[in-house]
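Colleague: Based on what follows, work out the 3D shape:
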Amino acid sequence: MRSRWSPSVFDASHELDDGELALLLEAARWAPTCGNAQPAQFLVCRRGDEAHQVLVRHLSRGNTGWVPRASAVLLVGAQIAPDESGEGGYKPFHADYDTGQAVAHLTLQAVASGLVSHQFAGFDHDAVAAELGVPDHVRLLAGIAVGVPGDPAEVSERDAERESKPRRRRPLERTAYAGRWGRPWLA
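Modeller: Numbers count the residues shown, from 1 in each chain. Next up is the predicted model:
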C-alpha cells in the first residue's frame, strides 16, 4: 500500500489495453458495499476519445497539464437514487463511502498491475455530466487518471516539481483516537 502514490507525470504514449482496464474495474466491482448496494459507476475515457476530449475541455487550470497525458481517465460516479427502471440507489447515505471503497480497491489493483493512478476532482462536474449523459440518479464525484509514469523533462516545470515533493502523512496520533475523540490512540 505504501507504494501507491499519485504521480503528475504520465507517459503520454502508453496505452492501456482492455484487459488492464477490466482488471481495474473488476477490483472496484468486488469492493464491499452497504447492503450490497454497489453504487459505484465508472465512465471510461481513453486518451483522445470523445469522452476524454469532453473532460479535457472542462478540467480546472491546475489539471490541464497532467491529466490529458494519462492513458485513461475513469470518471467516478455514485448512484444516489433509483435508476429509470427503479433499480439501485437504495442506500444513498452510504453511496459516497461505498464508492470510495471501490476506488481504493481500483487504485491498489493499479499498483499491483504495475500502473499508477492519480485521483482528482478539478473539473466542471455539471458540464461533464451533461455532455456525457450522466443520469440524474448518479452523482459525478471525481476522476482517476491511470497509466504509467512518464518523463518529468517532458512536462511543465510546475508539474515536474510535483513528482519530487516528499510524501507526507499526518501522524497516527492525529488520525486514530482511543475511547474519546481527540485522545490519541497509542500502540
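Colleague: Do you have the helices of this structure handy? List them.
Modeller: 18-29, 50-57, 95-112, 125-131, 157-164 (DSSP state H).
Colleague: and the fourth one, what other elements does it pack with?
Modeller: With contacts defined as 3 or more Cβ pairs under 8 Å, 6 or more residues apart in numbering; DSSP states H and E, helix 125-131 has these neighbours: helix 50-57, strand 138-147. For every residue, glycine as well, the C-beta is placed using N, CA and C.
Colleague: Point out the one among the ones you listed that comes closest to residue 76.
Modeller: Closest approach to residue 76 among those is made by strand 138-147 (4.9 Å; Cβ to Cβ).
Colleague: The closest one packs against which elements?
Modeller: So strand 138-147, by 3+ Cβ pairs under 8 Å, 6+ apart, packs with strand 72-79, helix 95-112, strand 116-120, helix 125-131.
Colleague: let's go with 6 Å and repeat that
Modeller: strand 72-79, strand 116-120 (3 or more Cβ pairs under 6 Å, 6 or more residues apart in numbering; DSSP states H and E).
Colleague: Below-threshold pLDDT in the protein: ranges please.
Modeller: For the chain, the stretches flagged by pLDDT under 70 are 1-2, 5.
Colleague: one step back: adding mean neighbour count and distance to residue 77, write the helices of the chain out as TSV.
Modeller: Listed next are those as TSV, based on neighbours: other Cβ atoms under 10 Å; distance: least, Cβ to Cβ, whole Å:
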stretch	mean neighbour count	distance to residue 77
helix 18-29	16	12
helix 50-57	17	13
helix 95-112	20	8
helix 125-131	16	8
helix 157-164	14	26
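Colleague: before we move on, back to that, determine which stretch of the helices and strands packed on strand 138-147 is the most buried.
Modeller: Each of the helices and strands packed on strand 138-147 was scored by mean neighbour count; the highest is strand 72-79, a mean of 24, by mean count of other Cβ atoms under 10 Å.
Colleague: quick check: angle from that one to strand 116-120?
Modeller: 50 degrees (axes from the mean of the first three to the mean of the last three Cα atoms, to 10 degrees).
Colleague: Sheet-wise, list the partners of strand 72-79 with their directions.
Modeller: Paired with strand 72-79 in the same sheet, following DSSP bridges, are strand 40-46 (antiparallel), strand 138-147 (antiparallel).
Colleague: Distance of residue 32 relative to residue 98?
Modeller: 8 Å (Cβ to Cβ, to the nearest Å).
Colleague: now residue 158
Modeller: Distance from residue 158 to residue 98, by Cβ to Cβ: 35 Å.
Colleague: Show the contacting residues for residue 52.
Modeller: residue 45 (Cβ atoms under 6 Å, 6 or more residues apart in numbering).
Colleague: and with 10 Å instead?
Modeller: 44-46, 67-68, 70, 72-73, 75 (Cβ atoms under 10 Å, 6 or more residues apart in numbering).
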